[in-house]
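> sharing a model that was predicted from the sequence below.
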Amino acid sequence: MPELPEVEVTRRSFSGRISGAAVLGAALGKPLRWPLGCEPGSLAGRRVVDVERRGKYLLLHMDQGLLLLHLGMSGSLSFSTELPAMGPHDHFDLHTDRGHLRLHDPRRFGAVVWAPDHGAPVLHKLLGHLGMEPLSPAFSLARFAAGLKASRSSIKQLLLSGRLVVGVGNIYASEALFRAGIRPTALAHRIGPVRVARLHAAIGAVLEQAVSLGGSTLRDFQSADGSAGHFQLSANVYGRAGAPCHTCSAPIKMLRQGQRSSFYCPVCQRS
């Protein structure tokens, strides 16, 4: 599933090229999990002002209203002056005078939703519950520490929930916990202030590194310009069960938490 770094990499790969573009029209393929919320033809004549990210949503701000795009489990965006005809897994095309923005999503868990203004109920419904942005000044250590103290969940499950901080998906949670020396099963409220501060810093550092490396391509992720990600090649623990830890040489362990695999070093992450 594309996580925050992959979505941010996607945003950066086309936002500069589409900003200022005039919308010529739009087309829908097979239905996605939520309706668009307007007739595709009604988007013609609008102009793209900017592309923002909130959590794993991309927000295409226009001179009137905005589009929210979510890549779901397997979605990707492409932006080009020339694209072939829409195929069976292409579900949305935005035609502009600078190129075509297309959502390709074989599993159809993605979404494209129109909001007529910034006060639209759909925006509150989809974005109102999201936690802090870890790559912004809003990622407060004090709020992060308070959120951990109030939780009775394991730290890995809390990070994945997105209620406290958004975008720390399975790969990045495993890597941040390794850097902070915290086992994924540790109860969030029992983590002391020193390790909380280490984890806060590690989350930002891991996500920044992932963005700089183009995200992670485990199956078929690519940005809107067709580039693959390389963060997975520098992972310390994720996907390395049985391999020696880069720090202490102990075999990396894997356990199941909920429906997800957690990877950790039993020596470097004692508790």
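That came through fine. Numbers count the residues shown, from 1 in each chain.
> and the contacts of the longest helix along the chain?
As assigned by DSSP state H, the longest helix anywhere in the chain is helix 193-212. Under the criterion CB atoms under 8 Å, 6 or more residues apart in numbering, residues 4-5, 8-9, 12, 134-135, 139, 141, 144-145, 148, 155, 159, 165, 167-168, 171-172, 175-177, 179-182, 191, 216, 229, 231, 234 lie in contact with helix 193-212. (Glycine included, C-beta is placed from N, CA and C.)
> tell me the mean pLDDT over it?
Mean per-residue pLDDT for helix 193-212: 95.
> what residues does the residue nearest to Asp97 when sequence neighbours are not counted make contact with?
Computed as CB to CB, 6 or more residues apart in numbering, the closest residue to Asp97 that is not its neighbour in sequence is Ala22, at 4.7 Å. Ala22 is in contact with 45-47, 96-97, counting by CB under 8 Å, 6+ apart.
> name the nearest residue to Arg53, ignoring sequence neighbours.
Take Arg53 and drop its neighbours on the chain: the residue closest to it by CB to CB, 6+ apart is Arg11, 5.0 Å away.
> helix, strand, or coil at the one you found?
At Arg11 the chain is in helix, as set by DSSP: H, G, I helix; E, B strand; the rest coil.
> compare the contacts of Ala22 and tell me which is most surrounded.
Each of these was scored for neighbours by other CB atoms under 10 Å, and Thr96 scores highest at 22 neighbours.
> I'd like to know how far the closest residue to that one other than its chain neighbours sits from Val49.
Setting aside the residues directly before and after it, Thr96 is nearest to Ala21 in space (CB to CB, 6+ apart), at 3.8 Å. Plainly put, Ala21 is 10 Å away from Val49 if you go by CB to CB, to the nearest Å.
> what sits against the residue nearest to Thr96?
47-48, 96-99.
> so which residues of the stretch 1-150 of the chain form strands?
23-28, 48-54, 57-62, 66-70, 76-80, 90-96, 99-104, 111-115 (DSSP state E, counting those that start in this stretch).
> list the residues that contact Lys149.
Per CB under 8 Å, 6+ apart, neighbours of Lys149: 188-189.
> could you redo the last one with a cut-off of 7 Å?
With contact taken as CB atoms under 7 Å, 6 or more residues apart in numbering, Lys149 is in contact with His189.
> ditto for the one 4 residues further on
For Ser153, the residues meeting the contact criterion (CB under 7 Å, 6+ apart) are Ala188.
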